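# I'd like to go over a predicted model; first the sequence, then the structure.
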Amino acid sequence: MKITCHPQGRWQPGFRRLIAVLAAFWAGLPVWGIPSRAAPKLVVVPVGGSGTESLSPGVLEQLHSLAPDAFCRQIGSTSVIQVGAFHRQESIDLMLESLALLGLEGQVWSPEAAALNLGGGGSTEGIPFHWPYPVASEADLEPVSGLGGRVERLHQEAAQAFRQMQQHAQASNISLVLISGFRDLSVQTALFRRQIRRQGSEQAAMRLSAPPGYSEHHTGYALDMGDGRHPQTHLQYSFAQTPAYAWLVQHAPQYGFELSFPPGNGQGVNYEPWHWRYVGSPQAAALFAQARLASPW
């Protein structure tokens, strides 16, 4: 995602020191990256009220080297750059020091925090966030029959598990249907922009949809499911009242599936009873390891 915010700081001397700090940061990840059960803390950089001016090329290049997945978002009337999410204080401290070497003021926010000192009257209470995910390779995807005869695609592991689960559900007179599977960046971009138009801001949209590059659907392991006998509940909260949802709650874990966004999830994303992810293989579980820590389940 293109960052279009203008920082209040400037590049400062000390590039060699920055490289040393970065080396220590990445070298420490195997130790500091051992996640805890606490919700992660976000490191953000306030960059002014309008956020319409671009970063200077030098600072932008260094910031991308420091945090390749950084993206711009609105908090109240203030633009910030979200540069990372961390569980370990050591990682947070090193990131803040690295930002300081770029002349940028990093600040820390956690889901438990009531507010962030933005200098613009904004509050971070309940700010949603999403993890970055890789886009699955074409070779790893396979077609799966979806709703209304559409052909969806899932990662091979998730496709096999879904078919098995769907067959066993049918044996219990439950009709599980696949509504949505893999999404590429272009599809997710269109969906996210539509939510921004509907909700009025990027922050509000992020409660309902992930920005491109941050959707679980990119992996091929996430899917939206519905009850074929109750189509009026597709992608609705009322899906939680259907026989299919009750069956999933009881049996989906046996096939490696779990609810991505249960009520009260630490990411601040709205409850989505239809959105499930496959975590039944080491590869899939590793992809969603940090997101699972934010779940109350």
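That came in fine, so what should we check first? Numbers count the residues shown, from 1 in each chain.

# from now on I want contacts and neighbour counts done on CA atoms only, so please keep to that.
Noted.

# residue 83 is in contact with residue 67, correct?
Yes: Residue 67 is within contact range of residue 83, at 5.7 Å (criterion: Cα atoms under 8 Å).

# and those two? which has more neighbours close in?
More crowded of residue 67 and residue 83, by other Cα atoms under 10 Å: residue 83, with 21 against 14.

# need the nearest residue in space to residue 256, chain neighbours excluded.
residue 280 (3.9 Å; Cα to Cα, 6 or more residues apart in numbering).

# quick check, that neighbour in contact with residue 286.
No: assessed by Cα under 8 Å, residue 280 is found out of contact with residue 286, at 10.2 Å.

# these two: which is more packed in?
Just comparing residue 280 and residue 286: by other Cα under 10 Å the higher neighbour count belongs to residue 280, 18 against 12.

# any chance of the backbone angles for that one?
When read as degrees, to the nearest 10, the backbone of residue 280 gives phi -90, psi 0.

# for it, report the pLDDT, please.
Residue 280 is assigned a pLDDT of 97 by the prediction.

# in this structure residue 240 contacts residue 246, no?
Yes: Residue 240 lies in contact with residue 246 (Cα under 8 Å); the separation is 7.3 Å.

# which sections of this structure are below the confidence cut-off?
Scanning the chain for pLDDT under 70 picks out the ranges 1-40, 48-55, 57, 60, 73-79, 87, 109-127, 293-297.

# what about the helices in it?
Along the chain, the stretches classed as helices by DSSP state H are 15-32, 57-66, 89-101, 156-171, 185-199, 202-205, 243-251, 282-287, 289-293.

# for residue 137, which of those is the nearest?
Closest of those to residue 137 is helix 156-171, at 11.0 Å (criterion: Cα to Cα).

# and the closest one, what does it pack onto?
Packing partners of helix 156-171 (3 or more Cα pairs under 8 Å, 6 or more residues apart in numbering; DSSP states H and E): strand 141-145, strand 176-180.

# what's the last one packed up against?
If contacts are counted by 3+ Cα pairs under 8 Å, 6+ apart, strand 176-180 sits against helix 156-171, strand 222-227.

# 6 Å - rerun?
Judged by 3 or more Cα pairs under 6 Å, 6 or more residues apart in numbering; DSSP states H and E, strand 176-180 is in contact with strand 222-227.

# walk me through the domains of this structure.
As assigned by automatic domain parsing, the chain contains the domains 15-109, 138-293.

# centre of the chain to the last one, how far?
Between the mean C-alpha location of domain 138-293 and the chain-wide mean there is a distance of 13 Å, by Cα atoms, centre = their mean, to the nearest Å.

# coming back round to it: residue 240 and residue 246: which is more packed in?
For residue 240 versus residue 246, neighbours defined as other Cα under 10 Å are more numerous around residue 240 (18 against 14).

# the nearest residue to the more buried one once chain neighbours are set aside: neighbour count?
Counting by Cα to Cα, 6+ apart, residue 240 lies nearest to residue 273, which is 5.8 Å off, once chain neighbours are set aside. Per other Cα under 10 Å, the neighbour tally for residue 273 reads 24.

# look up how far residue 235 lies from residue 273.
Note on residue 273: its distance to residue 235, by Cα to Cα, to the nearest Å, is 8 Å.

# who touches both of the two?
Common neighbours of residue 273 and residue 235, counting by Cα atoms under 6 Å, 6 or more residues apart in numbering, are absent.

# spell out for me which residue occupies the centre of the chain.
Computing the C-alpha centroid of the chain and ranking residues by Cα atoms, centre = their mean puts residue 130 first, at 2.3 Å.

# what about the nearest residue to it once chain neighbours are set aside, how many residues nearby?
For residue 130, ignoring the flanking residues on the chain, the nearest one in space by Cα to Cα, 6+ apart is residue 214 at 5.8 Å. Residue 214: 21 surrounding residues under other Cα under 10 Å.
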